[in-house]
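Enquirer: Just to be clear, the model below is a prediction. Sequence and coordinates:
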Amino acid sequence: MRKILRALELILRYGIVYPVLRLILRNPQLEGTIDLDSIRSLLILRYDRLGDIVVTTPVLRRLKELRSDLKLGVLASSANAELLRGNPHVDRIHVLPKSWFGVLRMIRQARIERYDVVLNFIFNRTTSGGILANLISPKGIKVGQGAEQYGFYFNKLLSLDRGNDHMAEVLMKYVDRVFGLQPFSGSMQFEVFPDRNSTDQVSVFLTGTGFAARTASGAKGFTVLNISAAEEPRSINLAQMIILAAVLTRECDQNVVLISAPSDRMVRRSVAQIVGDQCREFPERGDAGLLAIAALIGAAQCVVTPDTSVVHIASAMKTPVLAFYTPLQVTNEWLPMGIPYEMVLADPGKPVSSISPEFMRSKTKAFIHSLKERQGA
């Protein structure tokens, strides 16, 4: 039955949906490149995960440096839009709602901007990106990346080399090809801009715990330990959480601040209670916003985390990272960028939860020792 349903889905998609959309959209194919100086406004589609928006920030900076008068918009998700707040290179943030009524209202508002070019940076959602690009900017130039079968959604369809470069470099090459730019040779620094409320929240927390920010001269700082990941293969288990917190506090003499996704709040509390006074959770009640998490990470000596958005936020805040990855996921495209880091990889075909607590222990001790040596402690 499953095979029959799959066959019917393919028949509908390729026999009816795609031919009809080709007739409706009629996007003429664009040969060559777009002159960046000739356009007034540009929209980037980035309504996916938290880390994706962070690795896009070098592109945002570059575009604004090349054209300070360019009106630059981003279509973000309700999950990741906060990480663009305060970014001086973004003029307009559109948030993709979860309801159909909300989506229609967002499209109507975005059409007012009359974007000349739309770049789809979401490589695994070509269909939704193509449809949104056409609804938001029917007369603009739509650019996508993917298989030829999706070409009718766009005026220009790229096929990018994947697997060797960091995702930030892939996106920069995307922009190079679209606008005919010279290969980028500048800094790939990620950027997140915590607001005053976020930094004040962290300051109050540190005062209450007695922990010190890394900028405090001669004071004992803290390590951020993130216990959450977006997908099961990337997640650490409870035993690993406890061993990491215990090693950091008892063997490395670190103050530890636990952070987590809202869904892991009770687990976070349990780990803090098991480990003791040198291990505190942030926030102590409720949940923190992403900019507050960024501000906390920016004040930390280092971050220990499974492979997740926290890796990229730490890169943006220039905080060293010890990260645990699984070969079940692509790793090289999502490594830390521009900071000292150590990547610990699970065995082939295994999730992060398969890494032995003893191996985590040894890697954590070695990483903290290397940071102290680098800092001359």
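Expert: Thanks, I have the structure now.
Enquirer: which residues does the closest residue to T199 other than its chain neighbours contact?
Expert: Sequence neighbours aside, A295 is the residue nearest to T199 in space, at 4.8 Å (criterion: Cβ to Cβ, 6 or more residues apart in numbering). (Glycine included, C-beta is placed from N, CA and C.) Going by Cβ atoms under 8 Å, 6 or more residues apart in numbering, A295 touches P194, S198, T199, Q201, V202.
Enquirer: Just give me the closest of the residues you listed to R46.
Expert: P194 (19.7 Å; Cβ to Cβ).
Enquirer: Mind jotting down where the helices sit in this protein?
Expert: 2-12, 18-25, 50-55, 57-66, 100-111, 126-136, 167-179, 196-209, 238-246, 265-275, 290-299, 309-316, 357-374 (DSSP state H).
Enquirer: Kindly write the ChimeraX command that selects the buried subset of the contacts of A295.
Expert: Here is the ChimeraX command that selects the buried residues among the contacts of A295 (16 or more other Cβ atoms under 10 Å):
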select :194,198,199,201,202
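Enquirer: Including distance to N164, could the contacts of A295 go into a markdown table?
Expert: Output for these, formatted as a markdown table (distance: Cβ to Cβ, whole Å):
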| residue | distance to N164 |
| --- | --- |
| P194 | 33 |
| S198 | 36 |
| T199 | 38 |
| Q201 | 40 |
| V202 | 37 |
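Enquirer: How about P58, nearest residue that isn't a chain neighbour?
Expert: Nearest to P58 is M188, by Cβ to Cβ, 6+ apart, at 4.8 Å.
Enquirer: thought the one you found was touching D165?
Expert: No: using Cβ atoms under 8 Å, M188 makes no contact with D165, being 10.5 Å away.
Enquirer: quick one: which of the two has more around it?
Expert: The residue with more neighbours, out of M188 and D165, is M188; 19 against 15, by other Cβ atoms under 10 Å.
Enquirer: which stretches of the stretch 201-350 of the chain have low pLDDT?
Expert: Applying pLDDT under 70 to the stretch 201-350 of the chain flags residues 215-219.
Enquirer: cutoff 80 now
Expert: For the stretch 201-350 of the chain, the stretches with pLDDT under 80 are 215-220.
Enquirer: show me the contacts for E148.
Expert: When contacts are counted by Cβ under 8 Å, 6+ apart, E148 touches L157.
Enquirer: among the helices of the chain, which is nearest P351?
Expert: helix 238-246 (11.1 Å).
Enquirer: Touching that closest one from outside, list them.
Expert: With Cβ under 8 Å, 6+ apart, helix 238-246 has contacts from 225, 227, 236, 256, 258, 267, 270-272, 274-275, 279, 304, 353, 355, 357, 360-361, 364.
Enquirer: Please write out the alpha-carbon positions of it in PDB.
Expert: Only the C-alpha atoms of helix 238-246 are listed here, as PDB (Å, rounded to 0.1, in the frame of the first residue of the first chain):
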ATOM      1  CA  LEU A 238      21.100  12.200  30.700                       C
ATOM      2  CA  ALA A 239      24.200  10.200  31.800                       C
ATOM      3  CA  GLN A 240      26.400  12.300  29.400                       C
ATOM      4  CA  MET A 241      24.900  15.500  30.700                       C
ATOM      5  CA  ILE A 242      25.700  14.600  34.200                       C
ATOM      6  CA  ILE A 243      29.300  13.400  33.500                       C
ATOM      7  CA  LEU A 244      30.000  16.600  31.500                       C
ATOM      8  CA  ALA A 245      28.700  18.900  34.300                       C
ATOM      9  CA  ALA A 246      30.500  16.900  36.900                       C
END
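Enquirer: How much space separates the residue nearest to T199 from T319?
Expert: 11 Å (Cβ to Cβ, to the nearest Å).
Enquirer: Likewise for V267?
Expert: Between V267 and T319 the computed distance is 23 Å (Cβ to Cβ).
Enquirer: Between those two, which is the more surrounded one?
Expert: With neighbours defined as other Cβ under 10 Å, V267 and T319 compare such that T319 has more, 25 against 16.
Enquirer: For that one, which residues are in contact?
Expert: T319 neighbours (Cβ under 8 Å, 6+ apart): V224, I297, G298, A300, Q301, C302, V303, I339.
Enquirer: So which of those residues are in strands?
Expert: In this view, the contacts of T319 that belong to strands under DSSP state E are V224, C302, V303.
Enquirer: With N155 as the reference, measure out to the first one.
Expert: When distance is defined by Cβ to Cβ, V224 is 44 Å away from N155.
Enquirer: the more surrounded of these two?
Expert: V224 (25 against 21).
Enquirer: shouldn't the more buried one be in contact with V304?
Expert: Yes: using Cβ under 8 Å, V224 is in contact with V304, at 7.2 Å.
Enquirer: Any stretches of the stretch 51-200 of the chain with poor pLDDT?
Expert: 125, 163.
Enquirer: And stretch 249-266, end to end?
Expert: By Cα to Cα, to the nearest Å, the extent of stretch 249-266 from end to end equals 20 Å.
Enquirer: residue contacts, the residue most central in space within the chain?
Expert: The chain has G51 as the residue nearest its centroid, 0.8 Å off, counting by Cα atoms, centre = their mean. Listed by Cβ under 8 Å, 6+ apart, the contact partners of G51 are T308, S309, V311, H312, W334.
Enquirer: Go again with 10 Å.
Expert: Contacts for G51 (Cβ atoms under 10 Å, 6 or more residues apart in numbering) come out as 80, 83, 167, 190, 230, 307-313, 315, 334.
Enquirer: Give the closest residue to G298 in space, chain neighbours not counted.
Expert: M317 is the one closest to G298 (Cβ to Cβ, 6+ apart), at 3.7 Å.
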